[in-house]
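Novice: Structure for the following, please:
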Amino acid sequence: MIMRTTALLLAVCLASSAGAVIPKYWMTVASACVPDDATTKFDRHQVGTASVQHAQTNTNLIVLNCPIPWFDSGITTSWNLVMTYRDSTGADPAASVRARLYRIQSGSAQSELLAAVNSNSFAATSTVASSSPDFTHTFDFNSYIYWVRVELNRSQTDKTGIIYSLQLTG
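Specialist: Purely as a prediction, here's the structure:
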């Protein structure tokens, strides 16, 4: 009886100390982001397993909002917003993929831009990961809500902008 009780107590203690693993960074696939009302209403986008791009005949702006759940940023204060994307025009503005990191204080209506990365700042026309300039920030999930707004734009149907994933690296 004593051995069973001891074994049960040991099992409970080990199970509670294991707890959940809390990530020290954030990343998501683009298909997990939420399209804005106009993007959905007018069938502007096409969703793949991980990616989002324009519907075949559409050239209107696509807007996605990607909420950032709480993560343990630790003592890190130097960050980059990284997006993996394809822009068939490189730095030409005929197509673009842009991601911007925002925060809003709980109970406020005023958002604040923290970082941005734009495909038109890079010449690559194949699938690539590009990052924002370094930015300094201490994430405070108790007082602020964070999200990334992604915009895909193209002027002609033969141009391509695809977003695959986003991440914050520190």
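Novice: quick one: the helices in the protein?
Specialist: All helices of the chain, identified by DSSP state H, fall at 2-18, 37-41.
Novice: which stretch in these is the model least sure about?
Specialist: Mean pLDDT is lowest for helix 2-18 among the helices of the chain, at a mean of 42.
Novice: Name the nearest residue to R103, sequence neighbours excluded.
Specialist: Spatial nearest neighbour of R103, chain neighbours left out: Y144 (4.4 Å); criterion: C-beta to C-beta, 6 or more residues apart in numbering. (Each C-beta comes from the backbone N, C-alpha and C, glycine too.)
Novice: Next one, pLDDT for the one you found please.
Specialist: pLDDT, read off for Y144, is 97.
Novice: which residues does it contact?
Specialist: R103, I104, Q105, S106 (C-beta atoms under 8 Å, 6 or more residues apart in numbering).
Novice: any weak-confidence spans in this structure?
Specialist: Applying pLDDT under 70 to the chain picks out residues 1-23.
Novice: Contacts only, for L166.
Specialist: Contact analysis of L166 by C-beta under 8 Å, 6+ apart lists M27, T28, A30, C33, C66, L81, V82, M83, T84, A99, V148, V150.
Novice: what number of residues lie near the fourth one?
Specialist: Counted with other C-beta atoms under 10 Å, the neighbours of C33 add up to 21.
Novice: shouldn't it be in contact with S51?
Specialist: No - at 10.7 Å, C33 does not count as touching S51 under the criterion of C-beta atoms under 8 Å.
Novice: re earlier: can you pick out the most distant pair from the contacts of Y144?
Specialist: Among these, the pair separated by the greatest distance (C-beta to C-beta) is R103 and S106, at 10.1 Å.
Novice: who touches both of the two?
Specialist: Joint contacts of R103 and S106 (C-beta under 8 Å, 6+ apart) are Y144, I145.
Novice: Name the residue in these two with the higher neighbour count.
Specialist: When neighbours are counted by other C-beta under 10 Å, R103 and S106 differ, and R103 comes out ahead with 19 against 10.
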